[in-house]
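1. below are the sequence and a predicted model for it; my questions follow.
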Amino acid sequence: MSGVVPTAPEQTANEMENQTRPTDPRPEAPPDYNSHVVPGPPVTAVPPPASHPGGSPVGDCGPQQPGPFPSGPPLGGTHPIQCQPGKLPVPDQSAPITWMPVPAPVPNCPPGLEYLTQLDNIHVLQHFEPLESVDTHNKYDIKNNLDQMVYTVTEDAGDFTKNAYRTLRPFVLRVTDFRGREVMTMHRPFRCTCCCLCCPSTRQEMQVQCPPGVPIGFVRDHWNLCRAVYSIQNERKENVLRMRGPCSTYGCGADSVFEVTALDGVSSVGRVIRKWNGVMSAMGDADHFDIRFPLDLDVKMKAMIFGACFLLDFMYFERAPPQRASS
């Protein structure tokens, strides 16, 4: 019949399901990747160098390429230490602190005082603190003539004690090296100065310990009508050295020199000089002390003269901030 339009042959249900199901591109079995590899000529093994008889050690990555941070020298080296252990300098910031090279151990020397055996001059630099600011605990940097850091000194005192007793407060000063190890401790007990000034119980005293817990000497203040007078004693409280200050310890416009002598008062042993820093000295706590002693002086006596410097600072050059009205 001419009016009938031919149609497509009918498809079964299985054929229609196969057309709608997506094809899986993964092969039925992984290809053989070694089928196209052509073996090369045999290679003769190269023996290890004589410096490494057992070959390269585990973790040996060959020569190091220069990186953004310098690697620190080994302990006991001749180059100064550039930063604290574990603290690398951050780029685009201030230069890292340069520490004095670690000296070799010295016989009969308390641990941590080996630095003083190589020095005849050290500088005590107090961190600047404006008088009108909040009074904080004192901090000092100890440096040599090459501007290399030797120690850091931090005051350990309670806030109540600091505010109540102010410049007469008892304190503990902790001296640490570049590792953060406490090598020396200085104790100043509280002494009331309200009664008779010539009474020994009212005079200032400081104990120096090195290592912490082991006393090596005492610094005692003596009453004098005109000038500051101190005695430097050993661990048995026997007088070893004397220290005499100027008649005017304030030293406005000039240095204040404290002479360290033998017990005869004539033979000079050293000096503790409080440097006059102009406006910095007048407007805030930023004291600078220059300590000088013979290079061959007993290292314990060097530590005692070093400790006496801080007692002088608290007694004559520490400025208390103005009292604040209570709420």
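-> Here it is on my side, so go on.

2. ok but D313 is inside a strand, no?
-> No - in this structure, D313 is helix, not part of a strand, as judged by DSSP: H, G, I helix; E, B strand; the rest coil.

3. contacting residues for it?
-> Residues counted as contacts of D313 (Cβ atoms under 8 Å, 6 or more residues apart in numbering) are 124, 126, 138, 274, 287, 289. For the C-beta atoms, the positions are set from N, CA and C on the backbone; glycine is no exception.

4. so what sits opposite the closest residue to the third one other than its chain neighbours in the bridge?
-> This means N138. Spatial nearest neighbour of N138, excluding adjacent residues (Cβ to Cβ, 6 or more residues apart in numbering): E155 at 4.3 Å. Beta-bridge partners for E155, by DSSP bridges, are L173.

5. ok, E155 touching Q126?
-> No - E155 lies out of contact with Q126 (Cβ atoms under 8 Å); the separation is 10.3 Å.

6. any shared contact partners between these two?
-> 138-139.

7. picking up where we left off before, check what pLDDT the residue nearest to N138 gets.
-> With respect to pLDDT, E155 scores 88.

8. again with S35
-> Reading off the model, S35 has pLDDT 52.

9. out of the contacts of D313, what pair is the most spread apart?
-> N138 and R274 (14.6 Å; Cβ to Cβ).

10. between the two, which is the more surrounded one?
-> R274 (26 against 21; other Cβ atoms under 10 Å).

11. helix or strand: which one has that one?
-> For R274, the host element (DSSP states H and E) is strand 268-275.

12. what is the rounded mean pLDDT of that strand?
-> Averaging pLDDT along strand 268-275 gives 94.

13. verify the contact between V257 and P246 for me.
-> Yes - judged on Cβ under 8 Å, V257 makes contact with P246 at a distance of 6.3 Å.

14. which of those two has more residues huddled nearby?
-> P246 (17 against 14).

15. let's verify the more buried one: helix, strand, or coil?
-> With three-state DSSP as the basis, P246 sits in coil.

16. quick check: the closest residue to it other than its chain neighbours vs K275, distance?
-> Using Cβ to Cβ, 6+ apart and skipping the chain neighbours, the partner closest in space to P246 is S256 (5.8 Å). Going from S256 to K275 by Cβ to Cβ, to the nearest Å gives 9 Å.

17. do M243 as well
-> Distance, M243 to K275, by Cβ to Cβ: 17 Å.

18. more neighbours, these two?
-> A direct count of neighbours by other Cβ under 10 Å for M243 and K275 places M243 higher, at 25 against 18.

19. identify the bridge partners of the residue nearest to that one when sequence neighbours are not counted.
-> Leaving aside its sequence neighbours, M243 sits nearest to Y230 (Cβ to Cβ, 6+ apart; 4.1 Å). Beta-bridge partners recorded for Y230 (DSSP bridges): D221, M243.

20. quick one: Y230 and R220 touch, right?
-> Yes - using Cβ under 8 Å, Y230 makes contact with R220 at a distance of 6.5 Å.

21. these two - which one has more neighbours?
-> Comparing Y230 with R220 by other Cβ under 10 Å, the one with more neighbours is Y230, at 26 against 18.

22. how near is the more buried one to M206?
-> According to Cβ to Cβ, Y230 and M206 sit 10 Å apart.

23. for V272, same thing?
-> Distance of V272 to M206, computed by Cβ to Cβ: 14 Å.

24. next, show the common contact partners of those two.
-> A308.

25. mind checking the SS state of F178?
-> coil.

26. now for F218: which residues touch it?
-> Neighbours of F218 in contact, by Cβ under 8 Å, 6+ apart: 205-208, 232-233, 237.

27. helix or strand for the closest residue to it other than its chain neighbours, which one?
-> Spatial nearest neighbour of F218, chain neighbours left out: Q233 (4.5 Å); criterion: Cβ to Cβ, 6+ apart. Using DSSP H and E, Q233 sits in strand 229-234.
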